[in-house]
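Asks: My questions are about this predicted structure, shown below with the sequence.
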Amino acid sequence: MASFAFAADEDDDDPPAAAAQVNNRFFIPEEHFDQWIFQGSNNAAAGKARIESSVKIKLAELRRVCNLTEAQSKKLSLAARGDMQQFFEEVEVVRKKFLKVRNDQNAFNQIWQEINPLQQKQQRGLFGDSSFFAKTVRNTLTREQQEKYQVVLDDRRRFRYQAAAEVALHNLSNTLGLRHEQHETIFKLLIEETQPPLTFGQYDQYYVYYSLAKLPDTKLKPLMDERQWKLLQPHLQQGRAMVANLMQQGMIEPPKGRILKSVRTILPDVENHSAAP
């Protein structure tokens, strides 16, 4: 969470209660709100512009890969704009509540419960299974179009997963002292035996640890010596402990949930998709 600014105490004829004294000293600038919601952007305007630009890129790619008709293109554009507008309106509703309590620490702890879901939604992407866009995709694209675009997205996911795995294994190599051939063998096993996440983000490294933890010990343990295996255990445990967070980020499916692949991957996370090759 970002650091907080505090206003100076003010003199008052009647000494305020303890809670009121805290209220007079506690203060959070509005730009912190925007930075929490639109992570990676300094203000709401920049955050909105980034989302809108990314969506335009996605729609252009859909038109190119799927050879959309003019009618299909218009429907998808309208649906995407509808989801963006709904999200921006939700942000403004919570902003008004935030501005009323930003100098009240106790009340702020409550409003954070409304800020956090918006933050999570922006990180995961605005076009989840229940979004206008997702419903329009299901009703507009033909099966052939969805399958064609799925090939492009699967290739992209694999590439990004390989990149994330390389980074995570590089960090592990420094800790475990892996030799080059060990690094390469573990990387090959990881890519061949596990699947990429449904979306990417700030938890990519933990997803790699989670994937390593899912590999059978009989396959992973023989690739390193006893010292390295012992040093690896805290990282594997960390991966196992992150399951709830990975689910919350939309990187893995809930145990009994159902995420439609054709929807989840057609327009994945706004920030991450725009960064993909």
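Replies: Okay, I see it.

Asks: Quick check: nearest residue in space to the residue nearest to the spatial centre of the chain, chain neighbours excluded?
Replies: Centroid-nearest residue in the chain, with CA atoms, centre = their mean: residue 123, separated by 3.5 Å. Once flanking residues are discounted, residue 123 sits nearest to residue 201: 5.5 Å by CB to CB, 6 or more residues apart in numbering. All C-beta spots, glycine's among them, are computed from the backbone N, C-alpha and C.

Asks: Residue 41 contacts residue 34, doesn't it?
Replies: Yes - using CB atoms under 8 Å, residue 41 makes contact with residue 34 at a distance of 7.0 Å.

Asks: between these two, what contacts are shared?
Replies: Shared contacts of residue 41 and residue 34 (CB atoms under 8 Å, 6 or more residues apart in numbering): residue 47.

Asks: Could you check which helix or strand contains the residue nearest to the centre of the chain?
Replies: Residue 123 is part of helix 105-124 when elements are defined by DSSP states H and E.

Asks: With residue 229 instead?
Replies: helix 226-241.

Asks: Same question for that helix: list its buried residues.
Replies: Residues of helix 226-241 classed as buried by neighbour count (16 or more other CB atoms under 10 Å): 228, 229, 231, 232, 235, 236, 239.

Asks: who touches residue 209 in this structure?
Replies: 168, 235, 236, 238, 239, 242.

Asks: Going by distance to residue 63, which of these wins?
Replies: Using CB to CB, residue 168 comes nearest to residue 63 of these, at 35.0 Å.

Asks: What strand or helix carries that closest one?
Replies: Following DSSP H and E, one finds residue 168 within helix 143-176.

Asks: Next, residue 26: phi, psi?
Replies: phi -90, psi 130 (degrees, to the nearest 10).

Asks: where exactly do the strands run in the protein?
Replies: 5-6, 26-27 (DSSP state E).

Asks: Would you single out the least confident of the ones you listed?
Replies: Mean pLDDT is lowest for strand 5-6 among those, at a mean of 37.

Asks: which strands and helices sit next to the helix holding residue 168?
Replies: Using 3 or more CB pairs under 8 Å, 6 or more residues apart in numbering; DSSP states H and E as the contact test, the elements touching helix 143-176 are helix 44-66, helix 180-193, helix 204-214, helix 226-241, helix 261-264.
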